[in-house]
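Trainee: have a look; sequence and predicted model below, questions after that.
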Amino acid sequence: MEARRKRRIGLIGFASNSGLGSLSWEFTRHLRPERVLLVKTRYAEFPDRFPGARRGVTGENIDWLLSGIDVLIMFETPGGEWDILHRARKRGVRTVLIPMFECMPKPWPALPDLVLCPSKLDYSIFRTEIGSAAKVQYLPVPVARDRIRYRRRTKARIFEHHAGHGGLLGRNGTHELLVAASMLKSDAKILIYSQRALDFSHPKVDIRVGNFENYWDLWGAGDVFVFPHKFDGLSLPIQEALSSGMPVLSTAIEPFLGWLPNEWFFRAAEQTEMRVFHRYVDVAVIDPADIAAKIDSMYDRDITEASALAN
């Protein structure tokens, strides 16, 4: 019997320290694509993670990327150039897009062969929008557990938060968490990792600013992860926190409902509709008092079982 030929993979990714950068790095590390094309960003980048990759979604680089591959994997959008999907189809290259719902135009300018949804929220939205025109599948974001290793947490004393680059529309909820810090009644400590300076000072808050080269180094110090997100179609930070052994305090919104315990949620005071890029999305309005109350209620509790559940 003739041996089945290995599929040659191409990938459009990001070299920045961000969620998209982590996904690009890990997919490249595990799938070992033949060719990688990096989207230029305004953040610090680490192209050495992708040996032999080209930078910049240009006509010449797209031709280079598509030549000699069978499957093209893309994150968020096709590098912002939807014509890539048409050019790939003409060459017989199958396309896979892992989308972020808030970034997608309506209607889609073109359809990939497979839409791989990182959350059930994305799945429900795109299954409805696309119907049978393209295959739509749900695959939770994979986490590199060889890098983000589990450590058992026993006491809830340090509450960790990742501010990142700030997040579109303040989506990470960092501002609300900082306001909540001054409302705490317990001796809880808040540890914030941020890639930009934060003009805030409080004895209960430790802000560490830096562009950490290895993202897994962020997951060692905290006991509980605080994630007052306002909207999201991607749950990577929550899954990474769980992998490290931290229970997660999160806003009670999709896509987090249904797979985190109810007692880990704080409520959204209300939801408002806002335009994000190309579409309107539901954005949670979060009361800092609710965040403070949730932190106070968990402070100094035995979280051994919660840590095991996170694992």
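Mentor: Received the coordinates, thanks. Worth saying up front: this structure is predicted, and the values here are computed from it rather than measured. Numbers count the residues shown, from 1 in each chain.
Trainee: could you pull out the helices in the stretch 51-200 of the chain for me?
Mentor: 59-66, 83-90, 120-130, 174-181 (DSSP state H, counting those that start in this stretch).
Trainee: by mean pLDDT, show me the worst of these.
Mentor: If the helices of the stretch 51-200 of the chain are sorted by mean pLDDT, helix 120-130 sits at the bottom with a mean of 91.
Trainee: flag every buried residue along that helix.
Mentor: Buried positions in helix 120-130, judged by neighbour count with 16 or more other C-beta atoms under 10 Å: 120-127, 130. Every C-beta, even on glycine, is put in place using the N, C-alpha and C of the backbone.
Trainee: that one packs against which elements?
Mentor: strand 114-117, strand 135-138 (3 or more C-beta pairs under 8 Å, 6 or more residues apart in numbering; DSSP states H and E).
Trainee: and the last one, which residues are buried?
Mentor: This points to strand 135-138. Buried residues in strand 135-138 (16+ other C-beta under 10 Å): 136, 138.
Trainee: and that strand, which strands flank it?
Mentor: When sheet partners are counted by DSSP bridges, strand 135-138 sits next to strand 114-117 (parallel).
Trainee: who touches the strand it pairs with?
Mentor: 94-99, 123, 126, 130, 134-139 (C-beta atoms under 8 Å, 6 or more residues apart in numbering).
Trainee: who's in contact with the residue nearest to residue 244 when sequence neighbours are not counted?
Mentor: Once flanking residues are discounted, residue 244 sits nearest to residue 219: 3.8 Å by C-beta to C-beta, 6 or more residues apart in numbering. For residue 219, the contact set (C-beta under 8 Å, 6+ apart) comprises 148, 240-241, 243-244, 246.
Trainee: redo the helices of the stretch 51-200 of the chain as CSV? Include distance to residue 52.
Mentor: Shown next, in CSV, are those (distance: least, C-beta to C-beta, whole Å):
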stretch, distance to residue 52
helix 59-66, 11
helix 83-90, 20
helix 120-130, 31
helix 174-181, 37
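Trainee: top helix in the protein by residue count?
Mentor: In the chain, with assignment by DSSP state H, the single longest helix is helix 19-31.
Trainee: for it, give the mean pLDDT please.
Mentor: On average, helix 19-31 scores 94.
Trainee: who does it touch, helix- and strand-wise?
Mentor: Secondary elements touching helix 19-31 (3+ C-beta pairs under 8 Å, 6+ apart): strand 9-14, strand 35-39, strand 71-76, helix 236-244.
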